[in-house]
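Chemist: Return atomic coordinates for the entry below.
(one chain, ligands or ions: 2)
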Amino acid sequence: MAPRIILLFSGKRKSGKDYLTDQLQKLLGDRCEIIKISQPIKSHWAKEKNLNLNEMLSDSEYKEQYRLDMITWSDEMRDQDYGCFCREACQNAADRPIWIVSDIRRKTDIQWFTDTYPDLIRTIRITADEETRKKRGYSFKEGVDNVVSECDLDDYTLWDLVVENGKGRQQLEEQLGSILGLLSHL
Ligand SMILES: Nc1ncnc2c1ncn2[C@@H]1O[C@H](COP(=O)(O)OP(=O)(O)O)[C@@H](O)[C@H]1O
Ligand SMILES: C[C@@](O)(CCOP(=O)(O)OP(=O)(O)O)CC(=O)O
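Modeler: Ligands and ions are numbered 1, 2, ... in the order given. Got it, this is the predicted structure:
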């Protein structure tokens, strides 16, 4: 079964992409599959450097030690083929009707999904104020927070939905309800 809808989530570090997409998955159960574009990047890096992949995939500080190197390496790969990680992540995804991509970062990510799965794509931006993100462990890092990886979608305006997840956020049920609204035709 090919996906019937693909939700692309974007947001700054510690805006809550993993948190909200995990909560959404709990609600949707086995109708949905979470896809992470960073998974093939982290897998490659963990193998190469003999690192703990599960820790790399968690929200702990561990991955932050390697983020800068992973950005540099993955951007070199993207320069040759901008869809390489999107393609690899989707190839490994289960056949479920709803795909949730939890870490869209670049306009080329949106382009690859839109070209590959025309009509199935909905885009969601998660926002959170800096103070809240700092409380969740964010601190500005040169080469990480001021480069394409974090900033390319700052000026993107065509989101199907923007979900506030900072100080002004609604209750979780309401946040999830607005996302479910994008699935109402299924
Ligand atoms: N609405 C929320 N309520 C409570 N905790 C949250 C909320 N959003 C995010 N968090 C917490 O903040 C931290 C960072 O969130 P995370 O989802 O990992 O961010 P991102 O994936 O965007 O970097 C995690 O520990 C997460 O559980
Ligand atoms: C090299 C990366 O893929 C690492 C991404 O790691 P996460 O997606 O775990 O990051 P946050 O959830 O925002 O904290 C970034 C990239 O530019 O591809």
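Chemist: where does the chain come near ligand 2, residue by residue?
Modeler: For the chain, the contact set with ligand 2 under CB under 6 Å from any ligand atom comprises 13, 17-18, 38, 41, 63, 67, 70-71, 74, 103, 105, 149. For every residue, glycine as well, the C-beta is placed using N, CA and C.
Chemist: Apart from its neighbours in sequence, what residue is nearest Asp152?
Modeler: Counting by CB to CB, 6 or more residues apart in numbering, Asp152 lies nearest to Arg106, which is 4.7 Å off, once chain neighbours are set aside.
Chemist: cool, and Tyr66?
Modeler: Per CB to CB, 6+ apart, closest to Tyr66 is Trp45, 6.0 Å.
Chemist: three-state assignment of the one you found?
Modeler: helix (DSSP: H, G, I helix; E, B strand; the rest coil).
Chemist: Just give the number of residues close to the closest residue to Val148 other than its chain neighbours.
Modeler: For Val148, ignoring the flanking residues on the chain, the nearest one in space by CB to CB, 6+ apart is Arg106 at 6.3 Å. Arg106 is flanked by 21 other residues according to other CB atoms under 10 Å.
Chemist: tell me the contacts of Arg106?
Modeler: Arg78, Tyr82, Val148, Ser149, Asp152, Leu153 (CB atoms under 8 Å, 6 or more residues apart in numbering).
Chemist: out of those, who's nearest Gln25?
Modeler: Nearest to Gln25, judged by CB to CB, of the contacts of Arg106 is Leu153 at 22.3 Å.
Chemist: Model confidence score at the spatially most central residue of the chain, please.
Modeler: The central residue of the chain, meaning the one whose C-alpha is nearest the mean C-alpha position (CA atoms, centre = their mean), is Asp103 at 1.1 Å. At Asp103, the pLDDT value in this model is 97.
Chemist: Could you do the one 10 residues further on as well?
Modeler: With respect to pLDDT, Phe113 has a value of 98.
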